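Undergrad: Any chance you could fold what I've pasted below:
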Amino acid sequence: MRQLNIHKIADEAKFNRFHGLILVWCALIIVFDGYDLAVAGVTMPSIMKDMGVNPTQAGFMASSALFGMMFGAIFLGTLADRIGRRWAIAISIMLFSVFTAAAGLATDPVTFSVMRFLAGLGIGGVMPNVVAQMTEYAPRRMRSTLVTLMFSGYAVGGMLAALLGKSIMETLGWQSVFFVAAAPVLLIPFIFRSLPESMPYLLRKGRYDELKSIVARLDPSYRLTATDRFTLPDEDKSDNAPIHHLFSEGRGLSTLMFWVAFFMSLFMVYALSTWLTKLMATAGYSLGSALTFVVVLNFGAMIGAVGGGWLADRYSIKHVLIAMYLLAAVSIVLLGQRLPMDALFLTVGLAGASTIGTQIVTNAYAGQFYPMAIRSTGLGWALAIGRGGAILAPILIGILVSMALPLEMNFIAIAIPAVIAAIAISIIDHKRSASEQRDVVTAELAGGPEIEKSAAQA
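TA: Numbering: from 1, shown residues only. Just a heads-up that it's a prediction; the model follows:
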């Protein structure tokens with residue numbers, strides 16, 4: 001009878017069609033998620049004009065979805081460890097699709113804000129679960145690359161929202177951009193059929209036939225027998241209170257620093273996503289040109305995410321993140337300066353790469369830091385705390401816009417959190433990372449008899 005460590009199997013598997021299927025589904029979900037999130041910023045100038053709201057009120061309207069995201073990340077991120085990731089992902093898609101479309105029917109700020117809050121529950125809930133899903137199944141040697149490649153769908157969604165806004169908003173109204181968001185509901189049955197369930201969840205529930213089927217697809221070189229039993233390392237086993245594990249085994253300070261980094265990073269992301277169009281329009285650019293900046297911002301985000309993930313697989317992900325946050329501070333400050341158009345587009349792209357792109361790499365780092373059993377919980381709480389920064393950003397920058405301060409002051413306010421995030425990442429104890437500890441165990445086993453670290457069996 002063999003004891004097969006499912007985490008080790010996933011780590012050592014070669015990339016194949018099964019991994020590609022998971023990547024495609026998770027990336028597609030993130031595209032829709034990114035679209036739903038970006039749609040408010042793209043349409044905000046038109047909504048302000050149509051509903052007659054000032055920048056401060058608009059900031060609160062934009063933040064309503066972010067309040068929902070905070071609760072959705074905590075609730076659905078934690079719930080996934082109990083009901084399974086597929087159900088948590090399906091519930092999230094239903095919420096953000098239906099209620100984003102419903103926001104297009106709103107005629108007043110209160111109704112709009114309520115619909116966006118409910119949509120935010122799903123937007124926030126889906127992120128920790130798809131990151132955890134991709135992190136669990138990705139081969140170890142290319143994990144950061146695959147997670148960040150998947151999350152580049154977020155930038156694709158943002159570009160899609162901006163491009164649709166440019167093409168249909170003037171003729172069909174801002175509401176039409178929201179109605180498009182209902183489409184992902186149609187994909188839910190296909191997701192249940194194609195997306196695999198979390199392996200630790202299947203092991204805990206005793207669904208061994210499903211688990212064997214997944215392992216056979218994950219690594220076809222395994223020849224499974226009826227007597228094979230699956231195990232998990234001790235640190236990847238869950239109990240009924242996974243939240244306290246975020247602070248156990250020396251992870252407490254690092255968890256807090258992740259929360260600080262997520263707070264500051266998401267402040268920058270949502271400040272730019274919500275107000276870049278308006279700030280550039282205020283600076284004298286036409287609405288069409290201002291929307292083009294959103295496309296460039298998200299294109300830069302995609303390059304930054306994939307490039308950052310590629311670097312993180314080859315160098316220390318911690319050091320890569322510190323450099324990216326410092327680049328964010330510099331590029332955002334430069335946005336407030338009068339630059340030639342070509343230089344301005346390049347700077348906007350760099351800002352996207354080092355804010356949205358950096359947040360995506362930060363998600364990947366958090367996903368690797370926590371053991372598999374509490375990965376959704378760890379990401380859910382980090383993203384939920386980060387939503388505090390996301391909520392504060394549209395409101396604070398909206399107040400600054402209302403004060404008619406010089407343009408550079410607005411961008412300096414957005415850049416300061418990048419420095420704080422870089423400091424927080426530098427304090428994280430990388431030796432406590434689950435991926436780092438697995439490297440140590442692997443090295444120890446390589447010098448002696450090959451034994452399984454865990455003796456528990458299904």
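Undergrad: Identify the residue nearest residue 325 in space, chain neighbours excluded?
TA: Once flanking residues are discounted, residue 325 sits nearest to residue 422: 3.8 Å by Cβ to Cβ, 6 or more residues apart in numbering. Where you see a C-beta, it was placed from the backbone N, CA and C, and this is true even at glycine.
Undergrad: in what helix or strand does the one you found lie?
TA: Residue 422 belongs to helix 407-427 when assigned by DSSP states H and E.
Undergrad: May I have that helix as CSV, with CA atoms only?
TA: C-alpha atoms of helix 407-427 as CSV (Å, rounded to 0.1, in the frame of the first residue of the first chain):
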residue,chain,number,x,y,z
LEU,A,407,-2.9,67.7,-10.2
GLU,A,408,0.5,66.5,-8.8
MET,A,409,-0.9,66.5,-5.2
ASN,A,410,-3.5,63.9,-6.1
PHE,A,411,-0.9,61.6,-7.5
ILE,A,412,1.5,62.1,-4.6
ALA,A,413,-1.3,61.0,-2.3
ILE,A,414,-1.7,57.8,-4.4
ALA,A,415,2.0,57.2,-4.5
ILE,A,416,2.8,57.3,-0.7
PRO,A,417,1.2,53.9,0.0
ALA,A,418,3.6,52.2,-2.4
VAL,A,419,6.5,53.1,-0.1
ILE,A,420,4.7,51.8,2.9
ALA,A,421,3.8,48.5,1.1
ALA,A,422,7.5,48.0,0.1
ILE,A,423,8.5,48.3,3.8
ALA,A,424,5.8,45.9,4.8
ILE,A,425,6.9,43.3,2.3
SER,A,426,10.5,43.6,3.5
ILE,A,427,9.5,42.7,7.0
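Undergrad: what's next to it, contact-wise?
TA: For helix 407-427, the surrounding residues in contact (Cβ atoms under 8 Å, 6 or more residues apart in numbering) are 253-254, 257-258, 260-261, 263-265, 267-268, 271-272, 275, 279, 282-283, 318, 321-322, 325-326, 328-330, 332-333, 335-337, 354-355, 362, 365, 389, 393, 396-397, 400-401.
Undergrad: picking up where we left off before, what separates the residue nearest to residue 325 from residue 141, distance-wise?
TA: Here residue 422 is placed at a distance of 27 Å from residue 141 (Cβ to Cβ, to the nearest Å).
Undergrad: Give me the more crowded residue out of those two.
TA: residue 422 (21 against 12; other Cβ atoms under 10 Å).
Undergrad: On the pLDDT front, check the more buried one for me.
TA: Note on residue 422: pLDDT of 94.
Undergrad: need the helices for the stretch 151-300 of the chain, in chain order.
TA: For the stretch 151-300 of the chain, the helices defined by DSSP state H, counting those that start in this stretch cover 153-172, 174-179, 188-194, 199-204, 208-218, 252-282, 287-314.
Undergrad: One more: the stretch 1-150 of the chain?
TA: Going by DSSP H, counting those that start in this stretch, the stretch 1-150 of the chain shows helices at 6-12, 17-51, 55-83, 85-103, 109-137, 143-151.
Undergrad: Tell me how far the last one lies from the chain's centre.
TA: Centroid separation between helix 143-151 and its chain, computed with Cα atoms, centre = their mean, to the nearest Å, is 11 Å.
Undergrad: And it, what does it pack against?
TA: helix 17-51, helix 109-137, helix 287-314, helix 356-369 (3 or more Cβ pairs under 8 Å, 6 or more residues apart in numbering; DSSP states H and E).
Undergrad: Quick check: the gap between the closest residue to residue 78 other than its chain neighbours and residue 91.
TA: Once flanking residues are discounted, residue 78 sits nearest to residue 377: 5.1 Å by Cβ to Cβ, 6+ apart. Residue 377 is 16 Å from residue 91, where distance means Cβ to Cβ.
Undergrad: Tally up the residues packed near the closest residue to residue 283 other than its chain neighbours, please.
TA: Spatial nearest neighbour of residue 283, chain neighbours left out: residue 407 (5.5 Å); criterion: Cβ to Cβ, 6+ apart. The local packing of residue 407 (other Cβ under 10 Å) involves 17 other residues.
Undergrad: thinking again about what came up before, higher neighbour count, residue 377 and residue 91?
TA: A direct count of neighbours by other Cβ under 10 Å for residue 377 and residue 91 places residue 377 higher, at 26 against 22.
Undergrad: where are the low-confidence patches of the protein?
TA: Counting by pLDDT under 70, the chain shows low-confidence ranges at 1-2, 77, 222-228, 232-242, 284-291, 372-373, 376, 432-458.
Undergrad: Distance of the residue nearest the centre of it relative to residue 5?
TA: The residue lying closest to the centre of the chain (Cα atoms, centre = their mean) is residue 127, at 4.8 Å. Between residue 127 and residue 5 the distance is 28 Å, computed by Cβ to Cβ.
Undergrad: Can you tell me the closest non-neighbouring residue to residue 303?
TA: residue 353 (5.4 Å).
Undergrad: OK, contacts around that neighbour?
TA: 300-301, 303-305, 307-308, 324, 327.
Undergrad: what's the closest of those residues to residue 345?
TA: Set against residue 345, the nearest of the contacts of residue 353 by Cβ to Cβ is residue 300 (9.4 Å).
Undergrad: neighbours of that closest one, just the number please.
TA: Around residue 300 there are 25 residues (other Cβ under 10 Å).
Undergrad: how about it, what does it touch?
TA: 155, 348-353, 356-357.
Undergrad: Mind doing that once more with 7 Å?
TA: For residue 300, the contact set (Cβ atoms under 7 Å, 6 or more residues apart in numbering) comprises 348-353, 357.
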